[in-house]
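Student: here you go, sequence then predicted model.
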2 protein chains.
Amino acid sequence: MRPWKRLASTPVVESRWLTVTADTCELPTGVVIEPYFVIHEPEWVHVFAVNDKAEILVVRQYRYAADTVCTELPGGAASPAEAPLVAAKRELLEETGHTAETWTYVGALFANPARQTNRVHLFVARGLSRAAEQSLDDSEDIEFTFLSAAAVQVAIEQGAFSQALHVASFYRGIQFTNAAGAA
Amino acid sequence: MRPWKRLASTPVVESRWLTVTADTCELPTGVVIEPYFVIHEPEWVHVFAVNDKAEILVVRQYRYAADTVCTELPGGAASPAEAPLVAAKRELLEETGHTAETWTYVGALFANPARQTNRVHLFVARGLSRAAEQSLDDSEDIEFTFLSAAAVQVAIEQGAFSQALHVASFYRGIQFTNAAGAA
């Protein structure tokens, strides 16, 4: 299972949040693919924030590309020089006004490794406190609430919790906290 | 939670597998964002194919953008006029040479609804038979095997099963087949 060779890579879209390159790739068989478009986005973070009643903090916001309102975990994009944990704490505070006493790293998954370079980093946050008001930018309108794991499961089945990356992080968070005997 | 208005949409990348548009969006607050890049890809399908021993059929292949080998569920992109079920049957046969007696639709999730328009459709396939050899195109080099759910869980934790969309589909498939009392 040998890697492909990158013979060339030319940016065709360049912006703060998204770069797209048109790559020329040589496969192990010698076949050359051109262009193969690669999407470069910042590293992403998700927060599985769980309170003393084993309820999970979720956010609800409008998502433009799919033209739909999604229930998700708190999270977002890390800035270029920002460590994932720092980004996770910042996103939780901005989106929900909450801080947490303990943060545990679950791990990273690739968002879409065929086409995208970036990963989603998942943290479990416990010992939650409401520390501030939300701090949203001009483009954000975010509601938050706590849901039981069973209610999130229903939201997945009924299409309200419909973001695949967040579904992965929800199940991973459940698996991780159950394994740790803490939720 | 009101939708954004699309004031304009201009393609900046156009290809068979990927189109990127630069959109001009008006938010409910009146703020205008320009450009907001939207990624248009085909609908995707994943197959949770489970045998009589409750083992799950997984594939392993090199993924260029992340430069890594991933264990995943069988799946791929539907052609424009192809129904998701037809694409799922085709991908399972091409990637693993397997057919299935029964197909059940679990549902769809958005790949990334903030930025991408497309969805991932998940099917459970049961009553598996090896019907043919793999039928791969020039760019594909795919191995397949059956793993227990516990082994997939270990592969997720250790980073071998590292594609977030497939992690979502794996857990959803487990949840769905457990609920149906069939795996």
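Tutor: All right, it came through fine.
Student: contacts and neighbour counts: CA atoms only from here.
Tutor: Will do.
Student: between the longest helix along chain A and helix B:164-179, how big is the angle?
Tutor: The longest helix of chain A (DSSP state H) is helix A:164-179. For helix A:164-179 against helix B:164-179, the angle by axes from the mean of the first three to the mean of the last three CA atoms, to 10 degrees is 60 degrees.
Student: show me the helices in chain A, by range?
Tutor: A:84-96, A:149-158, A:164-179.
Student: wait, which of these is closest to chain B?
Tutor: Chain B lies closest to helix A:164-179 among the helices of chain A, at 4.0 Å (CA to the nearest CA).
Student: which parts of that closest one are buried?
Tutor: Buried residues in helix A:164-179, counted by 16 or more other CA atoms under 10 Å in any protein chain shown: A:164-174, A:176-177.
Student: and those as JSON lines, adding pLDDT?
Tutor: Below are those laid out as JSON lines (pLDDT from 0 to 100):
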{"residue": "A:Ala164", "pLDDT": "98"}
{"residue": "A:Leu165", "pLDDT": "98"}
{"residue": "A:His166", "pLDDT": "98"}
{"residue": "A:Val167", "pLDDT": "98"}
{"residue": "A:Ala168", "pLDDT": "98"}
{"residue": "A:Ser169", "pLDDT": "98"}
{"residue": "A:Phe170", "pLDDT": "98"}
{"residue": "A:Tyr171", "pLDDT": "97"}
{"residue": "A:Arg172", "pLDDT": "97"}
{"residue": "A:Gly173", "pLDDT": "97"}
{"residue": "A:Ile174", "pLDDT": "96"}
{"residue": "A:Phe176", "pLDDT": "94"}
{"residue": "A:Thr177", "pLDDT": "93"}
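Student: considering only the residues you listed, which also neighbour chain B?
Tutor: A:Ala164, A:Leu165, A:Val167, A:Ala168, A:Ser169, A:Tyr171 (CA under 8 Å from any CA of the partner chain).
Student: quick one: the first one and B:Ala168 touch, right?
Tutor: Pointing back at A:Ala164 there. Yes. Counting by CA atoms under 8 Å, B:Ala168 is a contact partner of A:Ala164 at 6.0 Å.
Student: now do the contacts for the residue of chain A positioned farthest from its centre.
Tutor: Distance from the C-alpha centroid of chain A peaks at A:Gly30, with 35.7 Å (CA atoms, centre = their mean). By CA atoms under 8 Å, 6 or more residues apart in numbering or on different chains, the contact list for A:Gly30 is empty.
Student: tell me how far it lies from B:Lys53.
Tutor: Note on A:Gly30: its distance to B:Lys53, by CA to CA, to the nearest Å, is 40 Å.
Student: so who does A:Thr24 touch?
Tutor: Here A:Thr24 is in contact with A:Arg6, A:Leu7, A:Ala8, A:Ser9, A:Val32, A:Ile33, A:Glu34, A:Pro35, A:Tyr36 (CA under 8 Å, 6+ apart).
Student: apply 6 Å and report the result again.
Tutor: A:Leu7, A:Ala8, A:Ile33, A:Glu34, A:Pro35 (CA atoms under 6 Å, 6 or more residues apart in numbering or on different chains).
Student: turn those into TSV, including pLDDT, distance to chain B and neighbour count.
Tutor: Putting the contacts of A:Thr24 into TSV (pLDDT from 0 to 100; distance: CA to the nearest CA, whole Å; neighbours: other CA atoms under 10 Å in any protein chain shown) gives the following:
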residue	pLDDT	distance to chain B	neighbour count
A:Leu7	97	13	12
A:Ala8	98	13	13
A:Ile33	94	8	16
A:Glu34	94	11	14
A:Pro35	95	9	15
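Student: what residues does chain A have near chain B?
Tutor: Residues of chain A lying near chain B by CA under 6 Å from any CA of the partner chain: A:63-66, A:109-111, A:113-117, A:162-165, A:167-168.
Student: how about the strands in chain A?
Tutor: Secondary structure of chain A by DSSP state E: the strands cover A:5-14, A:19-26, A:32-40, A:44-50, A:56-63, A:68-72, A:75-77, A:98-110, A:119-130, A:143-147.
Student: so where's chain A uncertain?
Tutor: A:181-183 (pLDDT under 70).
Student: next, give phi and psi for A:Leu73.
Tutor: Per-residue torsions, A:Leu73: phi -80, psi 160 (degrees, to the nearest 10).
Student: thought it was touching A:Arg60?
Tutor: No. At 8.5 Å, A:Leu73 does not count as touching A:Arg60 under the criterion of CA atoms under 6 Å.
Student: and those two? Which one has more around it.
Tutor: A:Leu73 (25 against 20; other CA atoms under 10 Å in any protein chain shown).
Student: now do the contacts for the residue nearest to that one when sequence neighbours are not counted.
Tutor: Among residues not flanking A:Leu73 along the chain, A:Val58 sits closest, at 4.8 Å (CA to CA, 6 or more residues apart in numbering or on different chains). Going by CA under 6 Å, 6+ apart, A:Val58 touches A:Glu72, A:Leu73, A:Phe144, A:Thr145.
Student: please check the residues you listed and keep the buried ones.
Tutor: Applying 16+ other CA under 10 Å to the contacts of A:Val58 flags A:Glu72, A:Leu73, A:Phe144 as buried.
Student: closest to chain B out of the residues you listed?
Tutor: Looking across those and measuring by CA to the nearest CA, the closest to chain B is A:Glu72, at 11.0 Å.
Student: before we move on, back to that, now the contacts of A:Val58 as a markdown table including distance to A:Gly127?
Tutor: Listed next are the contacts of A:Val58 as a markdown table, based on distance: CA to CA, whole Å:
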| residue | distance to A:Gly127 |
| --- | --- |
| A:Glu72 | 20 |
| A:Leu73 | 17 |
| A:Phe144 | 17 |
| A:Thr145 | 16 |
